[in-house]
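Participant: how would this look folded up:
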Amino acid sequence: MSDNADYFIEMECCQIVKHGQNACGDAFDLLRLDDENRAIAVLSDGLGSGIKASVLATMTVRMAMRFLRTDMDLLQSVENIMDALPVDSVRRISYATFSMIDLQVDGKTRLVEMGNPQYIHLRGTAEIAAKEHSQMISPRWPDRPVECYELDLRPGDRIICCSDGVTQSGLENRSFKFGWRRDGELAFIRELVQANPTISAYDLAHAVAHRALAVDSNVNKDDISCMVVYLRRPRVLRILTGPPYHKSNDATYARLAAPGTGADSVIVCGGTSANIIQRELGVRIQIDLKKIREAGDLPPPGNIPGIGIATEGILTLSRVRRALEEGDLEGNPLPMAAQNIIDRMKTADRIEFCVGTKINDAHQDPNLPAELDLRRNVIHRMADLLKEKYRKQTILRWF
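Facilitator: From the prediction side, this is the model:
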């Protein structure tokens, strides 16, 4: 695989708590290590359900993630996990299943499973067998064999891991006497990918989990978790805001908004930035005046034909930053311009901020609202939030 920077690892997990419980007995964690061109993920199912199961699963995930990140010996890692789990006071056993994924952007992937349903590796709709498979048995835990797989991922490939709440959904249901099983899950996933070859990890994970719930007649007898890893080319959002410090850089700055420069979507924030784009690229921003009433308390976004959208600058960006901090991106109504930016951020994988560093004198006016931060501070905060809270890749370029 060439040019690793051209590929992106999308990772998502959907969980549905067992009917009648308040806590999920499954746990997961996902982490991209961009500096290492690597991603790690763990899904664990704790013994039983509720709080006790949640504790077992959470402990397993935290230890497994730490061991994966430090490349600790695999058998030693598994033994340490099993030794550390608290013993159930009723059954006198400590137990949590797990699936561990360690993926490098060059495609080399190690997957380790203990007790969970066997993973699914799809290339298009075709299931791909592991390049290598071995089994490890710990002398201290001989009844818990660990399956180790070496996989070769290519762009477009997906790995799907789940807890047995997915494969065992529908048990005792007339239509699924032995449960949905892995075969049913695989057939359903193939149908989804056939209908939408670029379906996101988020959408696929949620579709599988909610299908398992439906198989259980919407009264699931176990926690349901589906984790999806998807290797593909990234969807890039480029945001240009603020004029360059030196006017001589205007042309270079404006070219980053032009089609064919690597961005799938472009947003220009701020009137001065928009004027530079219009002047340098010879385009005109179109604003639908009918949208003013429904735009909320911010100016409505304008359309830049063939490029993207244009919005007001620092006020709109500050509103977006606040929405990212609060975290409720679905139910919290926002002004139209801020909502348009949020919508594009949600569907993007890599968000590039191209930030002009010339100070706008208006932003130094002490009569403006106190929460109106300088542009660079707002951008820094947004980039941090997108990376840490929303698992986006972020790039900052200063002009």
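
Participant: now the lengthiest strand in the chain: buried residues?
Facilitator: With secondary structure taken from DSSP state E, the chain has its longest strand at strand 141-152. Under the neighbour-count criterion of 16 or more other Cβ atoms under 10 Å, strand 141-152 has 141, 144, 146-149, 151-152 buried. No exception for glycine: its C-beta is placed from N, CA and C like everyone else's.

Participant: pick the one among these closest to R319.
Facilitator: Proximity of the buried residues of strand 141-152 to R319 was ranked by Cβ to Cβ; the top entry is L151 with 42.9 Å.

Participant: name whatever forms a beta bridge with that closest one.
Facilitator: Residues found in beta-bridge contact with L151 (criterion: DSSP bridges) are T109.

Participant: that one touches A130, doesn't it?
Facilitator: Yes: proximity of L151 to A130 meets the contact threshold set by Cβ atoms under 8 Å, at 5.7 Å.

Participant: contacting residues for V166?
Facilitator: If a contact means Cβ atoms under 8 Å, 6 or more residues apart in numbering, then V166 has 117, 180, 185, 208-209, 212, 224-226 as its contacts.

Participant: now those in a markdown table, with pLDDT?
Facilitator: As requested, the contacts of V166 are exported to a markdown table (pLDDT from 0 to 100):
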| residue | pLDDT |
| --- | --- |
| P117 | 96 |
| W180 | 94 |
| E185 | 97 |
| V208 | 98 |
| A209 | 97 |
| A212 | 96 |
| I224 | 97 |
| S225 | 97 |
| C226 | 98 |
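
Participant: which single one of the residues you listed is nearest to D164?
Facilitator: When the contacts of V166 are compared for distance to D164 (Cβ to Cβ), P117 comes out closest, at 5.7 Å.

Participant: secondary structure class for that closest one?
Facilitator: For P117, the secondary-structure state derived from DSSP: H, G, I helix; E, B strand; the rest coil is coil.

Participant: and it, how many neighbours?
Facilitator: Applying the criterion other Cβ atoms under 10 Å, we find 21 residues in the vicinity of P117.

Participant: let's see the pLDDT reported for the spatially closest residue to it that is not a sequence neighbour.
Facilitator: What sits nearest to P117 in space, not counting adjacent residues and going by Cβ to Cβ, 6 or more residues apart in numbering, is T167, at 4.5 Å. Among the per-residue scores, T167 shows a pLDDT of 96.

Participant: mind listing residues that contact stretch 317-335?
Facilitator: 241, 269, 295-298, 316, 338-339, 341-342, 345-346, 371-373, 375, 378-379, 381-382, 385-386, 389-390.

Participant: which parts of this protein are helices?
Facilitator: 50-69, 74-84, 164-167, 181-195, 201-215, 250-255, 271-281, 314-326, 336-347, 375-388 (DSSP state H).

Participant: ranking those helices by burial, who's on top?
Facilitator: Greatest average neighbour count among the helices of the chain goes to helix 164-167 (a mean of 25), per mean count of other Cβ atoms under 10 Å.

Participant: off-centre distance for stretch 208-224?
Facilitator: Here stretch 208-224 shows a centroid-to-chain-centroid distance of 23 Å under the convention Cα atoms, centre = their mean, to the nearest Å.

Participant: shift numbering so it begins at 21
Facilitator: Got it, first residue is 21 now, which makes that one stretch 228-244.

Participant: quick check: end-to-end length of it?
Facilitator: Terminal residues of stretch 228-244 are spaced 9 Å apart (Cα to Cα, to the nearest Å).

Participant: run through the stretch 21-170 of the chain and note the low-pLDDT ranges.
Facilitator: 21-25, 107-114, 127 (pLDDT under 70).

Participant: switch the cut-off to 50
Facilitator: The model of the stretch 21-170 of the chain has pLDDT under 50 over residues 21-24.

Participant: ok, the stretch 221-370 of the chain next?
Facilitator: Applying pLDDT under 50 to the predicted model, the stretch 221-370 of the chain contains no residue that meets it.

Participant: what's around the residue nearest to A294 when sequence neighbours are not counted, how many residues?
Facilitator: Beyond its immediate neighbours in the sequence, the residue positioned closest to A294 (Cβ to Cβ, 6+ apart) is A330, lying 4.6 Å away. Per other Cβ under 10 Å, the neighbour tally for A330 reads 29.

Participant: now E152
Facilitator: Per other Cβ under 10 Å, the neighbour tally for E152 reads 10.

Participant: in the sheet, who's paired with it?
Facilitator: If you apply DSSP bridges, the partners that E152 bridges to are E170.

Participant: that one reaches E167, doesn't it?
Facilitator: No: with contact defined as Cβ under 8 Å, E152 and E167 do not form a contacting pair (11.4 Å).

Participant: circling back to that earlier point, what's near enough to touch the residue nearest to A294?
Facilitator: Neighbouring residues of A330 by Cβ under 8 Å, 6+ apart: 287-289, 294, 297, 305, 321-324.

Participant: export those residues to CSV and tack on distance to R341?
Facilitator: Converted to CSV, the contacts of A330 look like this (distance: Cβ to Cβ, whole Å):
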residue, distance to R341
I287, 14
V288, 17
C289, 12
A294, 20
I297, 22
I305, 23
P321, 17
G322, 21
N323, 24
I324, 23
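
Participant: closest to Q96 among these?
Facilitator: Within those, the smallest distance to Q96 is 48.4 Å, found for I287 (Cβ to Cβ).

Participant: burial of that closest one, as a residue count?
Facilitator: 28.

Participant: now it, nearest residue through space, not along the chain?
Facilitator: Using Cβ to Cβ, 6+ apart and skipping residues adjacent in sequence, the residue nearest I287 is I259, 4.8 Å away.

Participant: spatially nearest residue to D308 (excluding sequence neighbours)?
Facilitator: Distances taken as Cβ to Cβ, 6+ apart put P320 closest to D308, at 7.0 Å, once the chain neighbours are dropped.

Participant: thought that neighbour was touching Q306?
Facilitator: No: applying Cβ under 8 Å as the test, P320 and Q306 come out as separate, 11.1 Å apart.

Participant: which one's more surrounded, these two?
Facilitator: P320 (21 against 10).

Participant: about what we covered before: what touches both of L171 and A150?
Facilitator: When contacts are counted by Cβ under 8 Å, 6+ apart, the set common to L171 and A150 consists of 131, 141.

Participant: may I see the ChimeraX selection of the buried members of the contacts of A330?
Facilitator: In ChimeraX, selecting the buried portion of those, with burial taken from 16+ other Cβ under 10 Å, looks like this:
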select :287,288,289,294,297,305,321,322,324
